[in-house]
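Engineer: just a sequence and a predicted model for now, questions to come.
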Amino acid sequence: SQQGEEDPQALSIQEGENATMNCSYKTSINNLQWYRQNSGRGLVHLILIRSNEREKHSGRLRVTLDTSKKSSSLLITASRAADTASYFCATDLNSGGYQKVTFGTGTKLQVIP
Amino acid sequence: DTGVSQNPRHKITKRGQNVTFRCDPISEHNRLYWYRQTLGQGPEFLTYFQNEAQLEKSRLLSDRFSAERPKGSFSTLEIQRTEQGDSAMYLCASSFAGGGAHNEQFFGPGTRLTVL
C-alpha cells in the first residue's frame, strides 16, 4: 500500500492562478519530497523538506509540513501551462532499520492557458 | 548526458518469458532504486542498493524478481516467467546519500514492459 495520499486527485485551474495540493501520510518520517511527472516521462525532483522544517520555498513553489497532522502541502503560485503534470509526494520513513521511500498516488494538475 | 539511463526503453514479451532491464545511475551516486509504476498510480518501491549491497526489498518483489548491482555501478532487474500483471513502467533512480536518510533522487526515463 502507498504511504502518501494526495488530495485532490485532479485539479484544473486557469493560467495565473495558484494551485494547492495536499499530501497525508501515516507514519513518522525523516523527510518529505515532492516530484513532478509529465505525461509518459520520468519524475523530476522539486523540493525536499526535512521533518524538523515547517516551510520551504523554491521559486514559485512553497511547501509546508505539519508533522503533528502528518500532512504536507505544495503551493504553486502564478501557474503556467507548462506546470501541467502529475505531482507526487514521497516520504522517507524508517522500516526495520532501513529507510524506504514511498510515493503517494499523485495529483494530476491541468493548467489551462 | 550524465543523467540516469535505462535500457531498453520499451520491451514487449510473451507471458512466461524472462526479461532483464539495465539501469546506469549518475556515476558518483551511491544509492540506486527500482520502482514500478502502473497507469494512474505513483511509483511503487521495489528495492534499493547502497553501493553493491541490496538494503531493502518490497514485498512486491516476488521470487520471480531479482535485482543486482554487482560492482556498485549499474544495476539489472530481472523478471522471470513474466505474467501479464507485470506490465508496467519500471523506473530507476539514483541519489547520493552520506547518512541514513534518502535524499533527492534522479530518475531515469523508465522501461515500459508489456507482457502479452
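Structural biologist: Happy to help now that I have it. Residues are numbered from 1 along each chain as shown, chains lettered A, B, ... in the order given.

Engineer: beta partners of the residue nearest to the spatial centre of chain B?
Structural biologist: Nearest to the geometric centre of chain B sits B:Trp34, at 2.9 Å (Cα atoms, centre = their mean). Counting by DSSP bridges, B:Trp34 forms beta bridges with B:Thr47, B:Cys92.

Engineer: now do it against A:Ser68, distance only.
Structural biologist: In this view, B:Trp34 and A:Ser68 are 33 Å apart by Cβ to Cβ, to the nearest Å. Where you see a C-beta, it was placed from the backbone N, CA and C, and this is true even at glycine.

Engineer: equivalent analysis for A:Ser79, please.
Structural biologist: Distance, A:Ser79 to A:Ser68, using Cβ to Cβ: 29 Å.

Engineer: and A:Lys100, what does it touch?
Structural biologist: A:Asp92, A:Leu93, A:Asn94, B:Phe45, B:Glu56, B:Ser58 (Cβ atoms under 8 Å, 6 or more residues apart in numbering or on different chains).

Engineer: check whether the helix or strand bottoming out on mean pLDDT in chain B contacts chain A.
Structural biologist: Lowest mean confidence among the helices and strands of chain B (mean pLDDT, DSSP states H and E): strand B:53-57, at a mean of 86. Yes. Where contact is defined by Cβ under 8 Å from any Cβ of the partner chain, part of strand B:53-57 touches chain A, namely B:Leu55, B:Glu56.

Engineer: now do the buried residues in that strand.
Structural biologist: B:Gln54, B:Glu56, B:Lys57 (16 or more other Cβ atoms under 10 Å in any protein chain shown).

Engineer: go on, stretch A:54-65?
Structural biologist: A:Lys56, A:Leu61, A:Arg62, A:Val63, A:Thr64, A:Leu65.

Engineer: now the buried members of the contacts of A:Lys100.
Structural biologist: Among the contacts of A:Lys100, the ones that count as buried by 16+ other Cβ under 10 Å are A:Asp92, A:Leu93, B:Phe45, B:Glu56, B:Ser58.

Engineer: circling back to that earlier point, and the least confident helix or strand of chain B, what does it pack onto?
Structural biologist: strand A:98-103, strand B:44-50 (3 or more Cβ pairs under 8 Å, 6 or more residues apart in numbering or on different chains; DSSP states H and E).

Engineer: the last one vs strand B:53-57, what angle?
Structural biologist: For strand B:44-50 and strand B:53-57, the angle between their directions (axes from the mean of the first three to the mean of the last three Cα atoms, to 10 degrees) works out to 160 degrees.

Engineer: contacting residues around strand B:44-50?
Structural biologist: Contacts for strand B:44-50 (Cβ under 8 Å, 6+ apart): A:2, A:100-103, B:30-38, B:54-58, B:60-61, B:65, B:67, B:69, B:72, B:75, B:77, B:97.
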